[in-house]
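Trainee: Predicted model and sequence below, questions to follow.
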Amino acid sequence: MLLIDAKNISFSYGNKQILTNIDFQLYQGDVLSLVGQNGCGKTTLLKILLGIFKSNGEIKILSKNINEYKNKELAKLISYLPQTHQIPFDYTVFDVVLMGRLAHIRLFSNYSLKDKEIALKALEKVGIGHLKDNIYSKISGGERQLAFIARALTQESKIIFMDEPVTGLDYGNQLKLLKFLKELSNEGYTFVKTTHYPDHALYASNKVMMLKNGQILDVGNINEKLTSTNIKKLYDVDVEIISKENGYKFCIPSI
């Protein structure tokens, strides 16, 4: 099923061109990694797809122009995990996850029993149900990321945008998070995530978009497009891509 169809997306801050003629399509179950140097437009593209920034070009979500959606309608389709997410008050983990139901309730309405059950199931699904009564600001960075994924699942949106989801996580939690994204994609969830790590893109994604100076260097199937040649063009470094028998690929510096 075609979920996102973006054509000729261009965007500028004043006189500074940030993105130029971005085209891509995203289908249910895809995991798309946006890679490129700092300032190449990855986060800006996410915010355009969320409807936060208005751009030239056309974006269709489920065959409907993004500008035709009301905010709550779009929130039922797409959720967003920012690079950093500070919660100013001492909310519990359960409270933070339950906020995902705001797209489904009326203004000033209380959460229903069904809303709370959905939040609890999401916490269990990501493996942190035992933390539901803990203060969100007191848990680890990896646990916070899982809590925000649980909130996205509670929101019941099948498209999830993530800006540098492994930021601040130790190596073990990085791999656990990426593995969980792969598992969710097999259940029909669709992801667009930014990353600085080609290895992470190779591990967790089936599609890649490489951005350089606000333009697409290449886009498509990750095994065909994320090559040592393209990485050289993108980052000006020489790497070799190693394939293991289990299908896993990773980069090593060329000597």
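Mentor: Cool, the structure landed. Everything quoted here is computed from the prediction, not taken from an experiment.

Trainee: What are the boundaries of the helices in the stretch 1-150 of the chain?
Mentor: Using DSSP state H, counting those that start in this stretch, the helices of the stretch 1-150 of the chain run over residues 42-49, 71-75, 93-98, 113-125, 141-155.

Trainee: right, and these - which one's nearest residue 209?
Mentor: Checking those against residue 209 by C-beta to C-beta gives helix 42-49 as the closest, at 8.3 Å. From N, CA and C alone the C-beta is placed, and that goes for glycine too.

Trainee: Show me what the closest one packs onto, helices and strands only.
Mentor: When contacts are defined as 3 or more C-beta pairs under 8 Å, 6 or more residues apart in numbering; DSSP states H and E, helix 42-49 packs onto strand 2-13, strand 16-27, strand 31-35, strand 159-163, strand 190-195.

Trainee: model confidence over it, on average?
Mentor: Average pLDDT, helix 42-49: 92.

Trainee: now do the same end-to-end measure for stretch 243-251.
Mentor: 9 Å (C-alpha to C-alpha, to the nearest Å).

Trainee: gap between that stretch and the chain center?
Mentor: Relative to its chain's centre, stretch 243-251 lies at 23 Å (C-alpha atoms, centre = their mean, to the nearest Å).

Trainee: Other residues contacting that stretch?
Mentor: Applying C-beta atoms under 8 Å, 6 or more residues apart in numbering, the external contacts of stretch 243-251 come out as 198-199, 202-203, 223, 228, 231, 239-242.

Trainee: Mind doing that once more with 6 Å?
Mentor: 198-199, 202, 239, 241-242 (C-beta atoms under 6 Å, 6 or more residues apart in numbering).

Trainee: Stretch 126-145 now?
Mentor: Against stretch 126-145 from outside (C-beta under 6 Å, 6+ apart): 87, 90-94, 96, 123, 146, 149-150, 168-169, 173, 177.

Trainee: what number of residues lie near residue 219?
Mentor: When neighbours are counted by other C-beta atoms under 10 Å, residue 219 registers 17.

Trainee: Touching, it and residue 209? I think so.
Mentor: Yes: using C-beta atoms under 6 Å, residue 219 and residue 209 qualify as a contacting pair, with a distance of 4.4 Å.

Trainee: mind checking pLDDT for residue 85?
Mentor: 66.

Trainee: In the stretch 151-255 of the chain, where is pLDDT below threshold?
Mentor: 255 (pLDDT under 70).

Trainee: Can you show me the strands along it?
Mentor: Taking DSSP state E, counting those that start in this stretch as the criterion, the stretch 151-255 of the chain contains strands spanning 159-163, 190-195, 207-212, 215-221, 239-243, 249-253.

Trainee: Could you export the ones you listed as CSV, including distance to residue 119?
Mentor: Shown next, in CSV, are the strands of the stretch 151-255 of the chain (distance: least, C-beta to C-beta, whole Å):
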stretch, distance to residue 119
strand 159-163, 16
strand 190-195, 21
strand 207-212, 30
strand 215-221, 36
strand 239-243, 41
strand 249-253, 36
